[in-house]
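**Student:** my questions are about this predicted structure, shown below with the sequence.
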Amino acid sequence: MANSKFILAGVSYLLTTGCSEPSLPHFFSDIGTDRDNKIQYQDIHRLSLSLVTLKKTIDETGFNPVLNCYLRLENENQGPWNQAWVAFNINVFVSKHKVASIKRAGILQNHAMEVDIQQDLPRFGLKSKDIKIEITPVAWMPSYPLQIQSSDQTATPTNPITVY
């Protein structure tokens, strides 16, 4: 009887700890680290987007004003993948107040991506300078064709950043 209580306590402990959340939050790409599977991320696995072109126009001809925005994002890293699927968030601020959070995904071709967005604005009379656009890359996945570069052609890597 004493052994069955010990076994029952051990089984119940394993069932409850197996359903608990991990102690440290992580993204799926952090699971395969050097300590676990001997996988190391190289500099070519990094994506660093920069905002090259930003055009904002406000259309006030309808019942409510609409922001029309054109963005051109470029990969500063210029690694061997000239094409990739990229997911990112676009936050629209008016006078330091968040008006919208837009989730987008698109195709990065030749290390560049063009994005058009439309967003309703809360009131009339806003100027383009009152509106701030914040772009945050979330994830990316390279696609083929792969351009093989020699080591002297690779660019200096930069860390992924939030682009304003």
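**Tutor:** All right, it came through fine.
**Student:** ok, and the closest non-adjacent residue to residue 138?
**Tutor:** The shortest distance from residue 138 to any non-neighbouring residue, by Cβ to Cβ, 6 or more residues apart in numbering, is to residue 87 (4.5 Å). Just so you know, the C-beta spots here come from the backbone N, C-alpha and C atoms, and that holds for glycine as well.
**Student:** CA atoms of the longest strand belonging to the chain as PDB?
**Tutor:** Longest strand of the chain, by residue count under DSSP state E: strand 131-146. Extracted in PDB, the C-alpha atoms of strand 131-146 (Å, rounded to 0.1, in the frame of the first residue of the first chain):
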ATOM      1  CA  ILE A 131       0.600  60.600 -38.100                       C
ATOM      2  CA  LYS A 132       3.500  58.200 -37.100                       C
ATOM      3  CA  ILE A 133       3.900  54.800 -38.700                       C
ATOM      4  CA  GLU A 134       5.900  52.100 -36.800                       C
ATOM      5  CA  ILE A 135       6.900  48.900 -38.500                       C
ATOM      6  CA  THR A 136       8.100  45.800 -36.500                       C
ATOM      7  CA  PRO A 137       9.300  42.700 -38.300                       C
ATOM      8  CA  VAL A 138       7.900  39.500 -36.700                       C
ATOM      9  CA  ALA A 139       9.200  36.600 -38.600                       C
ATOM     10  CA  TRP A 140      10.600  35.700 -42.000                       C
ATOM     11  CA  MET A 141      11.200  32.600 -44.100                       C
ATOM     12  CA  PRO A 142      13.600  32.600 -47.000                       C
ATOM     13  CA  SER A 143      12.500  31.200 -50.300                       C
ATOM     14  CA  TYR A 144      14.400  30.000 -53.400                       C
ATOM     15  CA  PRO A 145      16.400  30.800 -55.600                       C
ATOM     16  CA  LEU A 146      19.400  31.000 -53.300                       C
END
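**Student:** could I get the buried residue list for that strand?
**Tutor:** For strand 131-146, a neighbour-count test (16 or more other Cβ atoms under 10 Å) marks 131, 133, 135, 137, 140, 142 as buried.
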